[in-house]
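**Student:** Below: sequence and its predicted model.
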Amino acid sequence: MKPGFMSPGKIVAVGRNYALHAAELGSAVPKEPLIFLKPPSSVIGDGEAIVLPPESARVEHEGEIGVVIGRRLRRATDAEARAAITGITCVNDVTARDLQRSDEQWTRAKGFDTFCPIGPRVVPIDPGRLEELEVRCRVNGALRQHGRARDMVFGMPTLVAYISQVMTLEPGDLIATGTPAGVGPLVPGDVVEVEIAEVGVLRNPVVAGG
């Protein structure tokens with residue numbers, strides 16, 4: 001049974017929010033936040049397996065800082081958005097990279113079951129400390145990604161405010177704020193970890209799907 005916080009009403013993710021990650025994909029930094037949705041059915045918790053689907057030949061990890069919304073927001077200012085961030089958690093925006101490149105939009109590449117590990121817990125955060133956060137991602141103990149919130153193209157309050165211009169954000173909604181450079185492939189038998197010091201380590205084994 002997944003904890004309640006791991007069943008968000010919606011998951012809004014952000015693409016290319018670190019300049020070096022955009023560069024490693026051969027993409028330009030967007031002029032405004034590039035947002036997309038991951039389905040709640042993609043959510044798994046700490047310790048659950050990421051299942052590699054047969055439809056993809058290259059599935060990659062994307063360690064991210066996740067922010068959890070604590071109050072209803074519609075057309076919020078940056079200040080209102082910052083105040084509405086009730087907690088943070090680790091997110092792995094698992095992506096079928098080959099499908100992302102071949103499809104005209106990202107729903108299939110980002111939406112497979114098990115493609116949104118979250119956890120191991122949500123912790124409260126002083127809104128004034130958001131820019132101090134860092135995220136690391138390791139595969140089999142080897143560091144692959146290290147990102148600092150202050151290096152984001154669009155900061156977390158700006159992202160939340162921007163998203164609230166498009167859709168109403170409800171308590172419990174999750175925003176995955178973008179991944180730093182260093183994304184790479186996952187294969188069966190790997191163990192991928194996403195760590196935020198204030199949260200802990202989100203750890204998931206990788207298995208082949210049938």
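**Tutor:** That came through, no problem.
**Student:** Isn't Val187 up against Val206?
**Tutor:** Yes: at 6.7 Å, Val187 counts as touching Val206 under the criterion of C-beta atoms under 8 Å. C-beta coordinates here come from the backbone N, C-alpha and C atoms, glycine included.
**Student:** Tell me which of the two has more neighbours.
**Tutor:** More crowded of Val187 and Val206, by other C-beta atoms under 10 Å: Val206, with 22 against 12.
**Student:** Now do that one against Leu37, distance only.
**Tutor:** According to C-beta to C-beta, to the nearest Å, Val206 stands 24 Å off from Leu37.
**Student:** One more: Gly182?
**Tutor:** The gap separating Gly182 from Leu37 is 24 Å, by C-beta to C-beta.
**Student:** out of these two, which sits in the busier spot?
**Tutor:** Ranked by neighbour count (other C-beta under 10 Å), Gly182 and Leu37 place Gly182 first, with 20 against 15.
**Student:** Compute the distance between the residue nearest in space to the middle of the chain and Pro33, please.
**Tutor:** By C-alpha atoms, centre = their mean, the chain has its centre lying nearest to Ala176, at 3.5 Å. Computed as C-beta to C-beta, the Ala176 to Pro33 distance reads 12 Å.
**Student:** shared neighbours of these two, which are they?
**Tutor:** Common contacts of Ala176 and Pro33, defined by C-beta atoms under 8 Å, 6 or more residues apart in numbering, comprise Val14.
**Student:** Which positions within the helix ranked longest in the chain qualify as buried?
**Tutor:** As assigned by DSSP state H, the longest helix anywhere in the chain is helix 156-166. Under the neighbour-count criterion of 16 or more other C-beta atoms under 10 Å, helix 156-166 has Met156, Pro157, Thr158, Leu159, Val160, Ala161, Tyr162, Ile163, Ser164 buried.
**Student:** Quick one: residues contacting the third one.
**Tutor:** Shown in contact with Thr158 (C-beta under 8 Å, 6+ apart): Pro33, Asp78, Ala81.
**Student:** Quickly note the distance from the closest residue to Ala28 other than its chain neighbours to Pro30.
**Tutor:** Excluding its sequence neighbours, the residue lying closest to Ala28 (C-beta to C-beta, 6 or more residues apart in numbering) is Ala22, at 6.5 Å. Using C-beta to C-beta, Ala22 is found at 8 Å from Pro30.
**Student:** the more surrounded of the two?
**Tutor:** Ala22 (19 against 15).
**Student:** how about the helices of the protein, start to end?
**Tutor:** 19-24, 78-84, 97-102, 107-111, 156-166.
**Student:** Tell me which of the ones you listed lies nearest to Glu55.
**Tutor:** With C-beta to C-beta as the measure, helix 97-102 is the member of the helices of the chain nearest Glu55 (6.9 Å).
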